[in-house]
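In: Sequence and predicted structure are below.
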Amino acid sequence: MSGASIVGRWSLQSWVTRSESGTLANPFGEQVEGSLVYTAGGWVSLHLAASDRPRQPASLQGASGTTSERAAAYSSYVAYCGTYHVEGDIVVHRVTNSLYPNWLGTELRRVFSLSSDSLVLAMPTPEGQEPLVNELRWTREE
């Protein structure tokens, strides 16, 4: 597949993890939200959020709040951006900015399948953790 086929703005429909034994889980719950953008110029931006993220008091702005409130916000959101390229059925995201500092400068490899206006990205769990496959299903918005 070519990189041109995935260009657009995508909305997340589901995020499911599957263990080797077939057990399914939803890391951010069943009502996860997300946005994924691939540009024709080779840029990618991804945001994932648990839909039930606790709101902080309106009086707090930015990084205010208690340590536990900030930790809850951090642990219920994934965000990164950078460049991408396609290698067969794999899209490679080269991370230039990320909520998770350890992803900076790394390449995140995702197996992808595309049919009409549906995109599925699948990736294994990092080494050292229980073997899981994360599967994110997206619908093209534009």
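Out: That came in fine, so what should we check first? Numbering: from 1, shown residues only.
In: Tell me where this protein has helices.
Out: Ranges of helices in the chain, per DSSP state H, are 67-75.
In: got the buried residues for the lowest-mean-pLDDT helix or strand in it?
Out: Of all helical and strand segments in the chain, the minimum by mean pLDDT, DSSP states H and E falls on helix 67-75, at a mean of 82. By neighbour count on 16 or more other Cβ atoms under 10 Å, the buried set for helix 67-75 is 72-73. C-beta here means a position set from N, CA and C on the backbone, and glycine is covered the same way.
In: Dump it to CSV, restricted to CA.
Out: The C-alpha trace of helix 67-75 is given here as CSV (Å, rounded to 0.1, in the frame of the first residue of the first chain):
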residue,chain,number,x,y,z
THR,A,67,0.0,15.2,41.9
SER,A,68,-2.7,12.5,41.8
GLU,A,69,-4.9,14.6,39.5
ARG,A,70,-2.1,15.2,37.1
ALA,A,71,-1.2,11.5,37.2
ALA,A,72,-4.8,10.6,36.4
ALA,A,73,-4.8,13.0,33.4
TYR,A,74,-1.4,11.7,32.2
SER,A,75,-2.4,8.1,32.4
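In: All good on my end, thank you.
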